[in-house]
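Novice: pasting the sequence and the predicted model now:
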Number of protein chains: 2
Amino acid sequence: MTPLKNDLFLKALLREPTPRTPLWMMRQAGRYLPEYRATRAKAGSFMKLCMTPELACEVTLQPLERYRLDAAILFSDILTIPHALGLGLEFEAGEGPRIDRPVRTAADVERLPTLDPERELRYVMDAVRLIRRELDGRVPLIGFAGSPWTVATYVVEGGGSKNFARLKAMLYGAPELAHRLLAHLTRATTDYLNAQVRAGAQAVMVFDTWGGALEPAAYREFSLRYMRDIVAGLVREHDGRRVPAILFTKGGGQWLAELAGSGADALGVDWTTDLATARAAVGGRVALQGNLDPSVLYAPPAAIRAQVARVLASYGHGAGHVFNLGHGIHPDVPPEHALAMVEAVHELSPAYHA
Amino acid sequence: MTPLKNDLFLKALLREPTPRTPLWMMRQAGRYLPEYRATRAKAGSFMKLCMTPELACEVTLQPLERYRLDAAILFSDILTIPHALGLGLEFEAGEGPRIDRPVRTAADVERLPTLDPERELRYVMDAVRLIRRELDGRVPLIGFAGSPWTVATYVVEGGGSKNFARLKAMLYGAPELAHRLLAHLTRATTDYLNAQVRAGAQAVMVFDTWGGALEPAAYREFSLRYMRDIVAGLVREHDGRRVPAILFTKGGGQWLAELAGSGADALGVDWTTDLATARAAVGGRVALQGNLDPSVLYAPPAAIRAQVARVLASYGHGAGHVFNLGHGIHPDVPPEHALAMVEAVHELSPAYHA
């Protein structure tokens, strides 16, 4: 493999000094980019785009052509695991994901197969290998998966949900069944992330999009615990280099101190927690990634720049900050507004690393 | 007026001792009750139900017939103010609210009329007077309004929203315009709540449903500040009795210490913050109201009882707790499950007031 030309992102995740704050954007390969929409149209369907390594590679690289970003993230979806488990995943236009065969009973859980990621999820590993080749060492590649809790919400509800009626009924009414499902997803997710690392992912991130919908005791028992198990099972060094792990619970600002003890190298922080507060909470144990409100990108470029300045100042001086949005970039944001953000980080962040 | 026969709720809000923990449910007069759905059908439309005092009174009293609750809450909506401002409010089936004439420019804000609540919102005051008469002192009546920030999201976006694209673009790009709109809504809301108090509301609550979508600095500047202004302008005594004020920012768990300095008597707490944590954060300055995850009511009665026990234990011993859900009761919850919750509070809470 070509040696890495820009390792700012990996260094910041390990709290090593860098000359400026590295950045990438959650969902940077996405619908806000016209070139993404063109490739998506060519693919025909969202899952086809995920499952065709050449096209997944194409959209992964698109944002790097436009913006001075410090990492690429594999183009994929957190629901590849339910898809590989044979639960019948479909994306309906404007409807979000649908799972044809939701998992609701003990028999449903027993029936779940054990995955071999290089077989059932081979298309993901092929995409990782192809992206690494095409990146040619420009920036590191991030692999990812959904948290077991978050994936379970789709698997049990049969799609997206607001109130998580069935999974919460299970959590409170039949907790041992919920634990069996989560343990199965945890094993599959750990193997999946490790396969991504062996295929070439240089950092991994776990997206716990719905952990913030739990009360604190349930969060600890049904989400945090399984993310901790994943981190404990990860390959932490590959190709002679540490592979940093990032955990991100959206709405988890109140639990950052606990997340900091999970074994992860870095935590994602959404915009509802000030980075100064977050930094104090984690006490130097982990790096932080975030946290501009993605809706700031609806405002004009001058306002975006001012808010980037505020986020950089809230983290303050020293190592251990990866700039990012606090959640995925919205599909209706103008690409020039993302550019204003990227350029502001390049211009304003060196002062915090003097 | 008949003297109040059950003042546990008012006492708890003022942190005075009570023999057990009083309770009510957010959205207790709502779609989960078949008798509500019957009255709603009779009314023809949601706004007709709000605007017909006899029907609003009927649904307000329905949950008190079923459950041993310690407060009634006026049946109304947080969007009565935009409706009264002439912005053209409609509720479309399955679509949520729509505002026909959203407020987006300086001219739009200038054009907003000053409200006289006893004129444009007379139907609300008539409902309050009628409910007080029909309650006949059984339990106190809560009046309410939306927070200026929360109401502004509908007024600017033209309806419900996920990302608040237009209002956040205004907040960051034209903050002085956002402030003019919020100041106008604050005056109208203060007058509106005071009119409810004069008509007979014995406590008032401000629902800040969307404050939790803001980053902390913006929350302070665009939501908390205006709620503090409302509290400062409220009639705090009526008919020889203190009228407690409750503020509730959903997703505001990280800001409870700041909210505790707002002048309110009590704070609503959603389920993502443990009441022990919340109680420590507010340091005895306010009472707390909450916070069972409303989705717990999807679980079987035995599990509901265990979770009620957990919430009561998390607040612990002593005065100053009003039991409630952490958000409105979901429309698809079985009424018997709400009963299990109510009965558990009656049975289990006296131990915390010994």
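Specialist: Perfect, I can see it now. Bear in mind the structure is a predicted one, so any value in this text is a computation, not a measurement.
Novice: A:A165 contacts B:H337, doesn't it?
Specialist: No. A:A165 is not in contact with B:H337 according to Cβ atoms under 8 Å; the separation is 11.5 Å. C-betas here are computed from N, CA, C, even on glycine.
Novice: joint contacts of these two?
Specialist: B:Y298 (Cβ atoms under 8 Å, 6 or more residues apart in numbering or on different chains).
Novice: show me what contacts A:A43?
Specialist: By Cβ under 8 Å, 6+ apart, A:A43 lies in contact with A:L49, A:T52, A:L55.
Novice: give me the distance between it and chain B.
Specialist: 25 Å (Cβ to the nearest Cβ, to the nearest Å).
Novice: residues in the stretch 201-350 of chain A within reach of chain B, list them.
Specialist: A:212-218, A:251, A:253-254, A:271-274, A:277, A:291, A:293-296, A:298-300, A:303-304, A:306-307, A:310, A:326, A:330, A:332 (Cβ under 8 Å from any Cβ of the partner chain).
Novice: pull out the buried members of the residues you listed.
Specialist: Neighbour-count burial (16 or more other Cβ atoms under 10 Å in any protein chain shown) applied to these gives A:212-216, A:218, A:251, A:253-254, A:271-274, A:291, A:293-296, A:298-299, A:303-304, A:307, A:310, A:326, A:330.
Novice: can you give me how far stretch A:109-122 is from the chain middle?
Specialist: Here stretch A:109-122 shows a centroid-to-chain-centroid distance of 21 Å under the convention Cα atoms, centre = their mean, to the nearest Å.
Novice: that one spans what distance, first to last residue?
Specialist: End-to-end distance of stretch A:109-122 (Cα to Cα, to the nearest Å): 24 Å.
Novice: for it, buried residues please.
Specialist: Those would be A:V109, A:L112, A:L115, A:P117, A:E120, A:L121, A:R122, for stretch A:109-122 by 16+ other Cβ under 10 Å.
Novice: between these, which sits nearest chain B?
Specialist: Closest approach between the buried residues of stretch A:109-122 and chain B, by Cβ to the nearest Cβ: A:V109, at 18.1 Å.
Novice: okay, the closest one: pLDDT?
Specialist: You'll see A:V109 listed with a pLDDT of 98.
Novice: tell me who's in contact with it.
Specialist: Per Cβ under 8 Å, 6+ apart, neighbours of A:V109: A:V103, A:L177, A:R180, A:L181, A:H184.
Novice: give the helix, strand or coil label for it.
Specialist: Secondary structure state of A:V109, per DSSP: H, G, I helix; E, B strand; the rest coil, is helix.
Novice: now it: how far from A:P244?
Specialist: A:V109 sits at a distance of 32 Å from A:P244 (criterion: Cβ to Cβ, to the nearest Å).
Novice: okay, and which of the contacts of A:A43 map to helices?
Specialist: A:L49, A:L55 (DSSP state H).
Novice: who wins for most neighbours among the contacts of A:A43?
Specialist: The residue in the contacts of A:A43 with the most neighbours, by other Cβ atoms under 10 Å in any protein chain shown, is A:L49 (23 neighbours).
Novice: name the nearest residue to that residue, sequence neighbours excluded.
Specialist: Excluding the flanking residues, the one nearest A:L49 by Cβ to Cβ, 6 or more residues apart in numbering or on different chains is A:A43, at 3.9 Å.
Novice: again with A:R66
Specialist: A:P335 (6.7 Å).
Novice: repeat that for A:R236.
Specialist: Leaving aside its sequence neighbours, A:R236 sits nearest to A:V243 (Cβ to Cβ, 6+ apart; 5.8 Å).
Novice: what about the residue lying closest to A:R129 once chain neighbours are set aside, how many neighbours?
Specialist: Excluding its sequence neighbours, the residue lying closest to A:R129 (Cβ to Cβ, 6+ apart) is A:A199, at 5.2 Å. Residues near A:A199, counting by other Cβ under 10 Å, number 23.
Novice: check A:D77 too.
Specialist: Applying other Cβ under 10 Å, I find that A:D77 has 19 neighbouring residues.
Novice: once you drop chain neighbours, what's closest to it?
Specialist: Counting by Cβ to Cβ, 6+ apart, A:C50 is the residue found nearest to A:D77 once chain neighbours are left out, at 5.6 Å.
Novice: my read: A:L130 touches A:P53, true?
Specialist: Yes. A:L130 is within contact range of A:P53, at 4.9 Å (criterion: Cβ under 8 Å).
Novice: any common contacting residues for those two?
Specialist: Applying Cβ under 8 Å, 6+ apart, one finds that no residue jointly contacts A:L130 and A:P53.
Novice: show me where the stretch 1-150 of chain A has strands.
Specialist: Along the stretch 1-150 of chain A, counting by DSSP state E, counting those that start in this stretch, strands occupy A:72-73, A:89-92, A:96-99, A:141-146.
Novice: least confident secondary structure element in chain A?
Specialist: strand A:89-92 (a mean of 88; mean pLDDT, DSSP states H and E).
Novice: so which elements touch that strand?
Specialist: Secondary-structure packing of strand A:89-92 (3 or more Cβ pairs under 8 Å, 6 or more residues apart in numbering or on different chains; DSSP states H and E): helix A:46-51, strand A:96-99.
Novice: contacting residues around the first one?
Specialist: Helix A:46-51 is contacted from outside by A:39-40, A:43, A:55-56, A:59, A:75-77, A:80, A:83, A:89-91, A:123-124, using Cβ under 8 Å, 6+ apart.
Novice: for those residues, which one is nearest chain B?
Specialist: A:F91 (18.0 Å).
Novice: model confidence for the closest residue to the closest one other than its chain neighbours, exactly?
Specialist: Leaving aside its chain neighbours, A:F91 sits nearest to A:F46 (4.5 Å; criterion: Cβ to Cβ, 6+ apart). The model reports A:F46 with a pLDDT of 94.
Novice: do A:M1 as well
Specialist: 64.
Novice: please enumerate the strands of the stretch 201-350 of chain A.
Specialist: Per DSSP E, counting those that start in this stretch, the stretch 201-350 of chain A carries strands over the ranges A:203-208, A:237-238, A:241-242, A:245-249, A:266-268, A:287-292, A:321-325.
Novice: what pairs with the second one, parallel or antiparallel?
Specialist: In other words, strand A:237-238. Using DSSP bridges, strand A:237-238 pairs in its sheet with strand A:241-242 (antiparallel).
Novice: now do the partner strand, average pLDDT.
Specialist: Strand A:241-242 shows a mean pLDDT of 96.
Novice: contacts for that strand, please.
Specialist: A:L10, A:L14, A:Q202, A:R236, A:D265.
Novice: give me the buried subset of those.
Specialist: Applying 16+ other Cβ under 10 Å to the contacts of strand A:241-242, the neighbour count classes A:L10, A:L14, A:Q202, A:D265 as buried.
Novice: surely the first one touches A:P140?
Specialist: In other words, A:L10. Yes. Using Cβ under 8 Å, A:L10 is in contact with A:P140, at 5.4 Å.
Novice: mind listing the shared neighbours of these two?
Specialist: By the contact definition Cβ under 8 Å, 6+ apart, A:L10 and A:P140 are jointly contacted by A:L4, A:Q202, A:A203.
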